[in-house]
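[1] Generate coordinates for the sequence data below:
(one chain, ligands or ions: 1)
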Amino acid sequence: MARPKIALIGSGMIGGTLAHLAALKEMGDVVLFDIADGIPQGKALDIAESGPVEGFDAALSGTTDYADIAGADVCIVTAGVPRKPGMSRDDLLGINLKVMKSVGEGIAAHAPNAFVICITNPLDAMVWALREFSGLPHNKVVGMAGVLDSARFRHFLSVEFDVSMRDVTAFVLGGHGDTMVPLTRYSTVGGIPLPDLVDMGWTSQEKLDAIVQRTRDGGAEIVGLLKTGSAYYAPAASAIEMAQAYLNDQKRLLPCAAYVDGAFGLDGFYVGVPTVIGANGIEKVVDIKLSKDEQAMFDKSVDAVKGLVAACKEIDPSLA
Ligand code: A3D
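    Have a look, this model is predicted:
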């Protein structure tokens, strides 16, 4: 059987890291696409030349021609611009919306059966726009943010509790912005919910609140340190986890920016929710019960995304 084909639209910091991870994990053959001629070809060749040392057989190629993504099983989209210090994700909207139009049309023309994972910011609005421009089914177009935000939350928690990251589960829902909703009640250490751990005296409410805030600011913390761009190792690892769930029909329960129609009181809207990812893409949106406070935070986050979607429609009336 032929190896799966993974197309990476955008070959910058995240795109290059995605290609490296996909090759190391032998997920399939990788095509790097970018408008900056030379970058995708150079990264593809460089990673391919590590194959004999690492022991992988995946084929890697780079291109500026959408025809070369033909028949891709998975497309991961990072095309666009990242944040610089002082910028919010929302500042990227105007530039990246235009990019989503060309990417959506390219995918629709050459890889209409792919599972498409969007990473470009502002995430929730861009995945919505990408779906609109591509016309692909909603269950096949999804945004990566929740896995990353939850991974950041899990990392901070494992350091606080001094336990293995493998034993910490966490959920971050809502839009991928300052209003994201880290759900402490559904986050656990070895199955023990965080509020119980506070009651047990293993940590304090103040420390937990600080970790929640650090999670919300996780992207900005990295931007502030790097100064030249935004995070790429953890974002790439997170999207790879989603791609593997699809390619291997794993039925993973992962928080993603998915199209929600009916659950959470929403009617046809992209935002971060718990989903099941398998061979049919987003196979289920898990409609968990939120407390009054959690619902208020979620609603605020949804409103922030609605504002961004409205701004997209103003910039490009074809989306209205
Ligand atoms: P960067 O290293 O600048 O790579 C972006 C690439 O996109 C560059 O190589 C550009 O040449 C290319 N590009 C620009 N326009 C086009 C186009 N029309 N078609 C194809 N390629 C194009 O950025 P990065 O890889 O660090 O980040 C990529 C995106 O991911 C940015 O929008 C970030 O804000 C976003 N991001 C999202 C998260 C989430 O958790 C959602 C995390 C980190 C970064």
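[2] Who are the contact partners of the residue in the chain positioned nearest to the ligand?
    Using C-beta to the nearest ligand atom, G12 is the residue of the chain that sits closest to the ligand, at 1.8 Å. Quick note: C-beta positions are derived from backbone N, CA and C, even for glycine. The contact partners of G12, taken as C-beta atoms under 8 Å, 6 or more residues apart in numbering, are D34, I39, T78, P82.
[3] residue contacts, the third one?
    Applying C-beta under 8 Å, 6+ apart to T78 gives the contacts L8, I9, G10, G12, I14, G15, L18, I119, T120.
[4] Sort out which residues of stretch 182-189 are buried, please.
    Neighbour-count burial for stretch 182-189, counted by 16 or more other C-beta atoms under 10 Å, picks out P182, L183, T184, Y186, S187, T188, V189.
[5] What are the contacting residues of it?
    Identification of contacts with stretch 182-189 by C-beta under 8 Å, 6+ apart yields 149, 153-154, 157, 161, 163, 167-173, 193-195, 197, 202, 208, 212, 215-216, 288, 291, 294.
[6] Among those residues, which ones are in helices?
    149, 153-154, 157, 161, 194-195, 197, 208, 212, 215-216, 294 (DSSP state H).
[7] Write out the residues of the protein neighbouring the ligand.
    With C-beta under 6 Å from any ligand atom as the criterion, the chain meets the ligand at residues 9-15, 34-36, 39, 78-83, 92, 96, 99, 102-103, 119-121, 123, 144-145, 148, 176, 229-232, 235.
[8] are any of those residues buried, and which?
    Among these, those buried by neighbour count (16+ other C-beta under 10 Å) are 9-15, 34, 39, 78-83, 92, 96, 99, 103, 119-121, 123, 144-145, 148, 176, 229-232, 235.
[9] In this structure, what residue spans correspond to strands?
    Counting by DSSP state E, one finds strands in the chain at the ranges 5-9, 29-33, 60-63, 74-77, 115-118, 141-143, 168-173, 181-189, 192-193, 252-261, 267-278, 281-285.
[10] Dump those to JSON lines, plus mean pLDDT and distance to E54.
    Converted to JSON lines, those look like this (pLDDT from 0 to 100; distance: least, C-beta to C-beta, whole Å):
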{"stretch": "strand 5-9", "mean pLDDT": "98", "distance to E54": "17"}
{"stretch": "strand 29-33", "mean pLDDT": "98", "distance to E54": "14"}
{"stretch": "strand 60-63", "mean pLDDT": "98", "distance to E54": "12"}
{"stretch": "strand 74-77", "mean pLDDT": "98", "distance to E54": "20"}
{"stretch": "strand 115-118", "mean pLDDT": "98", "distance to E54": "24"}
{"stretch": "strand 141-143", "mean pLDDT": "98", "distance to E54": "29"}
{"stretch": "strand 168-173", "mean pLDDT": "94", "distance to E54": "29"}
{"stretch": "strand 181-189", "mean pLDDT": "94", "distance to E54": "34"}
{"stretch": "strand 192-193", "mean pLDDT": "97", "distance to E54": "39"}
{"stretch": "strand 252-261", "mean pLDDT": "97", "distance to E54": "25"}
{"stretch": "strand 267-278", "mean pLDDT": "96", "distance to E54": "27"}
{"stretch": "strand 281-285", "mean pLDDT": "98", "distance to E54": "30"}
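[11] now those strands as CSV including distance to S318?
    Listed next are those as CSV, based on distance: least, C-beta to C-beta, whole Å:
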stretch, distance to S318
strand 5-9, 21
strand 29-33, 24
strand 60-63, 27
strand 74-77, 19
strand 115-118, 19
strand 141-143, 18
strand 168-173, 30
strand 181-189, 32
strand 192-193, 46
strand 252-261, 19
strand 267-278, 18
strand 281-285, 25
